[in-house]
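Colleague: I'll drop the sequence and a predicted model, then ask my questions.
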Amino acid sequence: NSRGASSLLKDSIPITEFSASGPFECHDLLRRGFTSVKNELMPSHPLELSEKNFQLNQDKTNFATLRNIQGLHASLKLQMEFRAVKQVQRLPFLHSSNIALDTLRGNDECIGFEDILNDPSQSEVMGEPHMMMEYKLGLL
C-alpha cells in the first residue's frame, strides 16, 4: 500500500472525534464562527418559523403551480436549474451574491432588506482564507 500513515489515519478516524467534549468544551472560532444565543432560542412568535421558511414555501408553491399548469417536466427542469445554480459559489471566504439564483426566481429586479443592509465588507464571516479553504477541501 503506497498511502502514507497520515492518510490512513484521516480515512479511518473522523476529525470530529478529536474535538473536546464535556462541560469545559472549547468552541472552535475558526471553523464554526462566533456563537449566537439567538440561533439557539426557540421561536418566540408562531409566525417566526413561517417567515424563516418563506422562500422555501414560495418555491414549493411555485413548483406545484408549474407542475399543474405545464406538467411534471417543467417543474423538474426548473428544480434541476435551481440545484445547479446553488452549487456555483465563490470561495468560502468571499461573499457570494447568487445573482443567477435571484434571476431564476425573478427577484433580480426587486430591492429587498438584504440588498440595503447586507454589506459584505461589514460581514463577520470573513476569516483566514487558507484555513477556510483547507476546511472546505477536508484537509483539516
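Modeller: Everything's here; your move.
Colleague: distance of the residue most central in space within the chain from Cys26?
Modeller: Centroid-nearest residue in the chain: Lys86, 9.3 Å away (criterion: C-alpha atoms, centre = their mean). Per C-beta to C-beta, to the nearest Å, Lys86 is found 33 Å from Cys26. (Each C-beta comes from the backbone N, C-alpha and C, glycine too.)
Colleague: shaky segments in this structure?
Modeller: Within the chain, the ranges that satisfy pLDDT under 70 run 1-25, 27, 36-39, 41, 43, 119-126.
Colleague: any idea whether Ile131 is helix, strand or coil?
Modeller: Ile isn't right for residue 131; it's Met. Assigned with DSSP: H, G, I helix; E, B strand; the rest coil, Met131 falls in the helix class.
Colleague: which residue ranges form the helices in the protein?
Modeller: Remark: helices assigned in the chain by DSSP state H are 5-12, 29-32, 37-40, 48-52, 54-70, 72-87, 99-105, 113-117, 129-137.
Colleague: now the ones you listed in TSV, with distance to Phe93?
Modeller: What follows is those, written out as TSV (distance: least, C-beta to C-beta, whole Å):
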stretch	distance to Phe93
helix 5-12	23
helix 29-32	11
helix 37-40	21
helix 48-52	26
helix 54-70	25
helix 72-87	18
helix 99-105	19
helix 113-117	20
helix 129-137	4
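Colleague: now, of those, which is deepest in the fold?
Modeller: helix 99-105 (a mean of 15; mean count of other C-beta atoms under 10 Å).
Colleague: keeping just the C-alphas, turn that helix into CSV.
Modeller: The C-alpha coordinates for helix 99-105 follow below in CSV (Å, rounded to 0.1, in the frame of the first residue of the first chain):
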residue,chain,number,x,y,z
ILE,A,99,-27.3,36.6,-8.8
ALA,A,100,-28.2,33.6,-11.1
LEU,A,101,-30.5,32.2,-8.4
ASP,A,102,-32.2,35.6,-8.0
THR,A,103,-32.7,35.7,-11.8
LEU,A,104,-34.3,32.3,-11.8
ARG,A,105,-36.6,33.2,-9.0
